[in-house]
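**Q** Here's my sequence, what's the structure:
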Amino acid sequence: MGISRLDVFYRRLLLTKLFIGGWGKPEDLKRIFEFRKIIGDREKCKTLVPVDYPVYINKTEELTDCHIHDGFFISPLEHLVPGILPQEAVKARFQFIVPKRWQWNRPVCIQLAGTGDHFFWRRRTLMARPMIKEAGMASLLLENPYYGYRKPKDQLRSCLKNVSDLFVMGGALILESTVLLRWLEREGYWPLGMTGISMGGYMASLAVTNWPKPIPLIPCLSWSTASSVFTTGVLSRAVNWAELEKQYAVNSVYETEIIKLLEYCGADSFKMGTELQRNVDSLGNLLGLSGALPIKDGHFVKVETQSEVSSSLVNRSGTNTGTITAHSVGHGKKMNSHKCCQPSLHTESISFMKGVMDECTHMANFSVPVDTGLIIVVQAREDAYIPRTGVLSLQEIWPGCEIRYLNGGHISAYLFKQNFFRQAIYDAFNRFCLKYPSSQ
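**A** This next block holds a predicted model:
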């Protein structure tokens, strides 16, 4: 199966680079990894967001066929992992587009933003307004952190500055989606579902893994892990590999902290079978140990000293591994003859990216949705942005979900197949109502 020439051509037109700031602060990555081990377990998350979490409507506009409500709330991530969000992203903003006349029940579909989808105009025009006309379905459009009003002042357009920003965005959207789903339930809307295109579909999938009830999910042009998108898809050409390689090779303190972080989290969080082995091999067999998660009073406790981490790194025979330096794992002065045969720096950086991304973004590291039969995944056959080879498909991770294919690539599907996406949404909602007619 070929890849779309339009996808390749379109990517070449965009000259801006991703991750110009590098990997992100090691202390932030440490807290992200710790938080991932909580947010990836639905049972552990039941009390993270209060049922009555405050949501505010500050503006209402009346159109011929609908009301548009502008609202906001404070992201729960700011309370759970203080300071991890940029200040501009702390306030979560949304638009709630409600039909003046309902056709059946009061259905609402939460739509998360895809790459480059700032503010609300695109989703409102291409999806929400047609959904009101075709099905009398309301839409709630949540603005992603790092986008629109929530974009940091030093960020260029849609290009996330640090690799860690992608992980922060995912964690924030999981919690924020929970806030909105609970608010919609309190307001009497039913049924509720989630969708998104491209990155929005992936983020919607993450959010549903955390929801404790059956819910329709329609991820369009989505992926199962971000590692393949940024290392082998056409987006990999936009990654600022020069800066990532520089930090990986030169800043030994930074590298050592991330290595300790990976060991601290342990390989038990990986659930991808053969993919785990590839990641472990490429990271120098650094992920074979697990440690306890420091959490107290609902907040994550930082491990402040090197000795605290080192003391927890005990190998399988019970011997303390001691302090691990950057030079001992890849390309420094202390390399032995075996280490001299390591791949090039670029190859090592790509492998490191895969390991970090898989830990934080692989769908297999999160709980399986309550009812996978309510999931309809829409994919493009010639998608050059989302490689399908060498990674687990959502159907393998979530047995029972439906996969629908459309012809063409990522860009052509995004531009011309919106009606295909909307039909999948209607089908998933109808399936839910037939299966759970009394769940209102």
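
**Q** Show me the helices in the stretch 1-150 of the chain, by range?
**A** 5-13, 26-39, 76-80, 121-123, 129-135 (DSSP state H, counting those that start in this stretch).

**Q** Nearest to Gly193, out of those helices?
**A** helix 129-135 (11.2 Å; Cβ to Cβ). For glycine as for every other residue, the C-beta is placed from the backbone atoms N, C-alpha and C.

**Q** is it possible to export the helices of the stretch 1-150 of the chain to TSV including mean pLDDT, distance to Ser344 and mean neighbour count?
**A** Output for the helices of the stretch 1-150 of the chain, formatted as TSV (pLDDT from 0 to 100; distance: least, Cβ to Cβ, whole Å; neighbours: other Cβ atoms under 10 Å):
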stretch	mean pLDDT	distance to Ser344	mean neighbour count
helix 5-13	54	24	15
helix 26-39	86	24	21
helix 76-80	95	37	20
helix 121-123	90	40	18
helix 129-135	95	49	17
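
**Q** contacting residues around Trp223?
**A** 202, 229, 386, 391 (Cβ atoms under 8 Å, 6 or more residues apart in numbering).

**Q** One more pass at 7 Å, please.
**A** Contact analysis of Trp223 by Cβ atoms under 7 Å, 6 or more residues apart in numbering lists 202, 229, 386.

**Q** Take the helices of the stretch 1-150 of the chain and lay them out in TSV including distance to Ile403.
**A** Putting these into TSV (distance: least, Cβ to Cβ, whole Å) gives the following:
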stretch	distance to Ile403
helix 5-13	20
helix 26-39	26
helix 76-80	31
helix 121-123	23
helix 129-135	22
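
**Q** rewinding a little: list just the nearest of the contacts of Trp223 to Leu173.
**A** Tyr202 (9.8 Å).

**Q** what's near enough to touch that closest one?
**A** 219, 222-223.

**Q** Count residues in the vicinity of Gln423, would you?
**A** Neighbour count of Gln423, defined by other Cβ atoms under 10 Å: 17.

**Q** Grab the nearest non-local neighbour of the residue nearest to the spatial centre of the chain.
**A** The centre of the chain sits closest to Gly170, judged by Cα atoms, centre = their mean, with a distance of 3.8 Å. Nearest in space to Gly170, with sequence neighbours left out and distances taken as Cβ to Cβ, 6 or more residues apart in numbering, is Leu206 at 5.4 Å.

**Q** secondary structure element for that neighbour?
**A** Per DSSP states H and E, Leu206 falls inside helix 199-209.

**Q** What is the subsequent helix or strand relative to that helix?
**A** strand 217-220.

**Q** Show me what that following strand is packed up against.
**A** strand 192-197, helix 199-209, strand 376-380, helix 418-435 (3 or more Cβ pairs under 7 Å, 6 or more residues apart in numbering; DSSP states H and E).

**Q** looking at the ones you listed, which is buried most?
**A** strand 192-197 (a mean of 28; mean count of other Cβ atoms under 10 Å).

**Q** circling back to that earlier point, could you dump the helices and strands packed on strand 217-220 into a markdown table with distance to His67 added?
**A** Putting these into a markdown table (distance: least, Cβ to Cβ, whole Å) gives the following:
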| stretch | distance to His67 |
| --- | --- |
| strand 192-197 | 18 |
| helix 199-209 | 23 |
| strand 376-380 | 28 |
| helix 418-435 | 20 |
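
**Q** Residue ranges of each domain in this protein, please.
**A** Annotated domains of the chain cover 5-236+370-435, 246-360 [automatic domain parsing].

**Q** By mean pLDDT, show me the worst of those domains.
**A** Ranked by mean pLDDT, the domains of the chain end with domain 246-360 at the bottom, a mean of 45.

**Q** Can you get me the start-to-end distance on that one?
**A** One end of domain 246-360 sits 22 Å from the other (Cα to Cα, to the nearest Å).

**Q** Adjust the sequence numbering to begin at 610 for everything that follows.
**A** Okay, using 610 as the starting number, the last item reads as domain 855-969.

**Q** Can you give me the separation between Cys768 and Phe628?
**A** 8 Å (Cβ to Cβ, to the nearest Å).

**Q** more neighbours, those two?
**A** Phe628 (23 against 19).

**Q** The more buried one reaches Val848, doesn't it?
**A** Yes: using Cβ atoms under 7 Å, Phe628 is in contact with Val848, at 5.8 Å.

**Q** which stretches of the stretch 710-859 of the chain form strands?
**A** 717-721, 747-751, 801-806, 826-829 (DSSP state E, counting those that start in this stretch).

**Q** Can you name the residues in contact with the last one?
**A** When you say that, I think you mean strand 826-829. Counting by Cβ under 7 Å, 6+ apart, 802-806, 810-811, 813-814, 817, 978, 983-987, 1030, 1033-1034, 1037 sit against strand 826-829.

**Q** If we use 8 Å, what do you get?
**A** 718, 802-807, 810-811, 813-814, 817, 978, 983-987, 1003, 1022, 1030, 1033-1034, 1037.

**Q** quick one: contacts for Pro685?
**A** 657-658, 662, 784-785, 787-788.

**Q** In those residues, find the pair that's most separated.
**A** The farthest-apart pair in these, when distances are taken by Cβ to Cβ, is Leu657 and Glu785, at 11.7 Å.

**Q** which one of these two has more residues nearby?
**A** Remark: of Leu657 and Glu785, Glu785 carries more neighbours, 27 against 17, as counted by other Cβ under 10 Å.

**Q** which residues touch stretch 729-743?
**A** 674-675, 677, 704, 706, 708, 718, 720, 722, 726, 746-748, 750, 752, 757, 1027-1028, 1030-1031, 1034-1035.
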